[in-house]
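Undergrad: Sequence and predicted structure, then a few things I'm wondering about:
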Amino acid sequence: MKLLNDFFQIVAIDVKKGSIKATVKMNSGHSIYRAHFPGNPITPGVCLVQMSTEIIEMCEKKKLNLQHAVKIKFQKLMQPFVEPTFIIQIINNAEHQVSVRVTIEDTNTQYAKMTLIYTK
């Protein structure tokens, strides 16, 4: 399920060689938030992984398949009114594989850290 321009929108993006910094705005009215959890919505961890993937795919201009999550650490629940920044550091961009480190944060809080490996 594609989340870009439905569950979230990119507000600002800065792409440099080996790194991506994207600030996003969540769609607080999305049906995912009505189910997770009514009255106290939080962004599901699987959506944070998918959002990271879609941002990387957009910048790399390639379809990627998540092969392995080396590490995923959710540090604080993220509610839909937050405008987090995804800081993506490309560790290795080989012919058939991309390895990345993702940090999701805003000015005061770090929500998640991930190390993900994709195949192209």
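TA: Cool, the structure landed.
Undergrad: Please identify the helix or strand for E83.
TA: Using DSSP states H and E, E83 is not contained in any helix or strand.
Undergrad: Just give me the neighbour total for the nearest residue to it once chain neighbours are set aside.
TA: Spatial nearest neighbour of E83, chain neighbours left out: K25 (5.3 Å); criterion: C-beta to C-beta, 6 or more residues apart in numbering. (Each C-beta comes from the backbone N, C-alpha and C, glycine too.) Counted with other C-beta atoms under 10 Å, the neighbours of K25 add up to 15.
Undergrad: for E54, what are its contacts?
TA: Counting by C-beta atoms under 8 Å, 6 or more residues apart in numbering, E54 touches K2, L3, L4.
Undergrad: mean confidence score for the helix or strand containing it?
TA: Using DSSP H and E, E54 maps to helix 45-60. The average pLDDT for helix 45-60 rounds to 97.
Undergrad: Show me which residues of that helix are buried.
TA: Within helix 45-60, the residues that qualify as buried are C47, L48, V49, Q50, M51, S52, T53, E54, I55, I56, E57, E60, counting by 16 or more other C-beta atoms under 10 Å.
Undergrad: what ranges do the helices span in the protein?
TA: Ranges of helices in the chain, per DSSP state H, are 31-35, 45-60.
Undergrad: mind checking how far Q97 is from S52?
TA: Noted for Q97: a distance of 16 Å to S52, by C-beta to C-beta, to the nearest Å.
Undergrad: again with V98
TA: According to C-beta to C-beta, V98 and S52 sit 12 Å apart.
Undergrad: Ok, D106 next?
TA: Per C-beta to C-beta, D106 is found 16 Å from S52.
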